[in-house]
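no FASTA, just this:
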């Protein structure tokens, strides 16, 4: 039986179902709140009262995959994370072969994809997230379902629809992160369509059965400001902006038109980033996921401007475009170095699991930029050396936690 295998794997990791659930709520759910508290409680209760269904057992194992720590192994018998991952993939495939697609299998697939992304198994993550999106669509989680739910309820979605909304947004967010690192064409036919204007932003769970939404009503794209939105909604709004940038870059419009469109979005990007950096200083929420997404968007946008501007003979003073973009990238890199320094302090008390899953990707981009472009600039080599050191130390901590190789090459 599947559940019997899951029990043995939990025992080998030295962690209980209840403890894994608590850790999951403190860590993964902060960045991707895809399992309602009610569903999570039922999962744990099923392990105490009987035998969970096969798909529920797989979801429990995926939670173990992203919460088990080496420190749990007090007896020295824990299976290595790589072995746990291999068992997870094998059992997930077996259950998929005999069980009809379900919400819990979608949630498990999303968690597996996030783990693969964090552990730098990027090709596997690319395949997994696409399969997860297809399964979500087969179970009725897609944009047309959101549209129908919003039409039926006008301003307030049902709790199950809210959970479905969060699942789709998490798939969209994670697929964009993965594609940025795996596809030469950064917008090469994503499987999960990004919700657009008029669709609901996602919701946060605060421990009760009802997701938290600002003002007690449904907030849709575009919110006029990121200020006051909850953490996951802010990240979704940031990814919507990233999605627009990627669509412009891959559009068949003439290059000069694309540059002016990117310049317009740059103003929105910098405005939202300033708001979130200021809000981060106030108590009441995690902003790192949204900030990291906006910073990555700045890199994508301005690297495209620098690459495109010189080939446009019709573009007046293309060198000034490049200088502005270079200054923007220098600023983004300085922010990343400062964020890395802050996070190194933060993980001493809260652990690496408190960092968003997109952390490693941003660290790699910032490191590469410093190595290739920041020698002799950004206040000289002192910044290059100190900033690079902070970025490398944080990446080493992140990679050590998730079993990923550190990227030393430029």
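Arrived safely, thanks for sending. Predicted model, so just to flag it, every value in this text is computed and none were measured. Numbering: from 1, shown residues only.

Can you tell me the SS state at residue 140?
coil (DSSP: H, G, I helix; E, B strand; the rest coil).

give the contact list for it.
residue 164 (Cβ atoms under 8 Å, 6 or more residues apart in numbering). In this view, the C-beta of every residue, glycine as well, is placed from N, C-alpha and C.

Please state the backbone phi and psi of it?
For residue 140, the backbone dihedrals (degrees, to the nearest 10) come out as phi 100, psi 10.

I'd like the numbering to begin with 11 instead of 1 from here.
Done: numbering now begins at 11, and the last item shifts to residue 150.

pLDDT weak spots in the stretch 311-420 of the chain?
Residue ranges of the stretch 311-420 of the chain with pLDDT under 70: 323-326, 384-393, 417-420.

Next: the stretch 11-160 of the chain.
Ranges of the stretch 11-160 of the chain meeting pLDDT under 70: 80-90, 155-160.

and with 50 instead?
84-88 (pLDDT under 50).

Please, where are all the strands along the stretch 211-360 of the chain?
Counting by DSSP state E, counting those that start in this stretch, one finds no strands in the stretch 211-360 of the chain.

all helices for it, in order.
Counting by DSSP state H, counting those that start in this stretch, residue ranges of the helices within the stretch 211-360 of the chain are 241-259, 265-289, 298-318, 328-360.

Distance to residue 128 and mean neighbour count added to these, as a markdown table?
A markdown table is the format used below for the helices of the stretch 211-360 of the chain (distance: least, Cβ to Cβ, whole Å; neighbours: other Cβ atoms under 10 Å):
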| stretch | distance to residue 128 | mean neighbour count |
| --- | --- | --- |
| helix 241-259 | 16 | 23 |
| helix 265-289 | 22 | 16 |
| helix 298-318 | 13 | 22 |
| helix 328-360 | 14 | 17 |
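
Serialize those to JSON lines and add fields for distance to residue 19.
Output for those, formatted as JSON lines (distance: least, Cβ to Cβ, whole Å):
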{"stretch": "helix 241-259", "distance to residue 19": "29"}
{"stretch": "helix 265-289", "distance to residue 19": "39"}
{"stretch": "helix 298-318", "distance to residue 19": "29"}
{"stretch": "helix 328-360", "distance to residue 19": "26"}
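
mind checking which of these is nearest residue 404?
Minimum separation from residue 404 across the helices of the stretch 211-360 of the chain (Cβ to Cβ) falls at helix 328-360, 4.4 Å.

Can you get me the centre-to-centre distance for that closest one and its chain?
Here helix 328-360 is found 19 Å from its chain centre; the criterion is Cα atoms, centre = their mean, to the nearest Å.

Which secondary structure elements does that helix sit against?
Here helix 328-360 touches helix 265-289, helix 298-318, helix 369-383, helix 391-412, going by 3 or more Cβ pairs under 8 Å, 6 or more residues apart in numbering; DSSP states H and E.

Make a markdown table from those helices and add distance to residue 344 to it.
Output for the helices and strands packed on helix 328-360, formatted as a markdown table (distance: least, Cβ to Cβ, whole Å):
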| stretch | distance to residue 344 |
| --- | --- |
| helix 265-289 | 12 |
| helix 298-318 | 11 |
| helix 369-383 | 9 |
| helix 391-412 | 7 |
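
circling back to that earlier point, what's the closest of the helices of the stretch 211-360 of the chain to residue 78?
Closest to residue 78 of the helices of the stretch 211-360 of the chain, according to Cβ to Cβ: helix 328-360, at 17.3 Å.

contacting residues for residue 349?
298, 301-302.

And these, which is closest to residue 40?
Of the contacts of residue 349, the one sitting nearest to residue 40 (Cβ to Cβ) turns out to be residue 298, at 9.2 Å.

what's the pLDDT at that closest one?
Model confidence at residue 298, expressed as pLDDT, equals 82.

Chain neighbours aside, what residue packs nearest to it?
In space, and not counting its chain neighbours, residue 298 is closest to residue 366: 5.2 Å by Cβ to Cβ, 6 or more residues apart in numbering.

Name the residues of stretch 134-144 that are buried.
134-136, 138-143 (16 or more other Cβ atoms under 10 Å).

oh, I was asking about stretch 405-420
So, applying 16+ other Cβ under 10 Å, buried residues of stretch 405-420: 405, 407-409, 411-412, 414, 416.
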